[in-house]
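>>> Sharing a model that was predicted from the sequence below.
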Amino acid sequence: AALVQRVLNRFLHKYLKNVTTETATLWGGELVFKNVELRLDVLQEELGLPLVLTRGFIQELKVFLPLRNLLREHIRITLSNIEVVAQTPKEHDERNSIRF
């Protein structure tokens, strides 16, 4: 579990909210996380798109650890069904403005 947490922290923590090994299920060397929330502020900054990201998550994130051959095989990270909702800055401003 400590090794997986280090992998998560090193490669994914920057982009994902609240991902710890305690929130995953383990089956045969594979950790499975469901409905992982994305850190939109980081994605927004790094992608530099002319859009405002309003919501984002990964339906399933898998981390496979080759437990029998950890020194010779790679750790595999698989992301399935990534969903990001975005708006143009104008739409975002209009939805968040207070009207009297």
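Sure thing, it's come through.

>>> which residues of the chain fall in helices?
Taking DSSP state H as the criterion, the chain carries its helices at 2-7, 40-47, 89-96.

>>> now the shortest one: mean pLDDT?
So the one you mean is helix 2-7. The average of the pLDDT scores along helix 2-7 is 74.

>>> Show me what counts as buried in it.
4, 5, 7 (16 or more other C-beta atoms under 10 Å). All C-beta spots, glycine's among them, are computed from the backbone N, C-alpha and C.

>>> can you tell which of the helices of the chain is closest to residue 63?
Of all the helices of the chain, helix 2-7 sits nearest to residue 63, with 5.7 Å by C-beta to C-beta.

>>> centre of the chain versus the closest one, how much separation?
Centroid separation between helix 2-7 and its chain, computed with C-alpha atoms, centre = their mean, to the nearest Å, is 15 Å.

>>> Same question for stretch 55-68.
Here stretch 55-68 is found 9 Å from its chain centre; the criterion is C-alpha atoms, centre = their mean.

>>> just stretch 42-62 next, same as before
On the basis of C-alpha atoms, centre = their mean, stretch 42-62 sits 9 Å off its chain's mean C-alpha point.

>>> And that stretch, end to end?
One end of stretch 42-62 sits 21 Å from the other (C-alpha to C-alpha, to the nearest Å).

>>> Show the average pLDDT along it.
Computed over stretch 42-62, the average pLDDT equals 91.

>>> Then stretch 73-92?
87.

>>> List the buried residues in that stretch.
Using 16+ other C-beta under 10 Å as the test for burial, stretch 73-92 gives 84, 86, 87.

>>> Quick one: distance of that stretch to the chain centre.
Relative to its parent chain, stretch 73-92 has a centroid offset of 7 Å by C-alpha atoms, centre = their mean.

>>> Tell me the pLDDT of the residue lying closest to residue 37 once chain neighbours are set aside.
Once flanking residues are discounted, residue 37 sits nearest to residue 17: 4.3 Å by C-beta to C-beta, 6 or more residues apart in numbering. Looking at residue 17, its pLDDT is 89.
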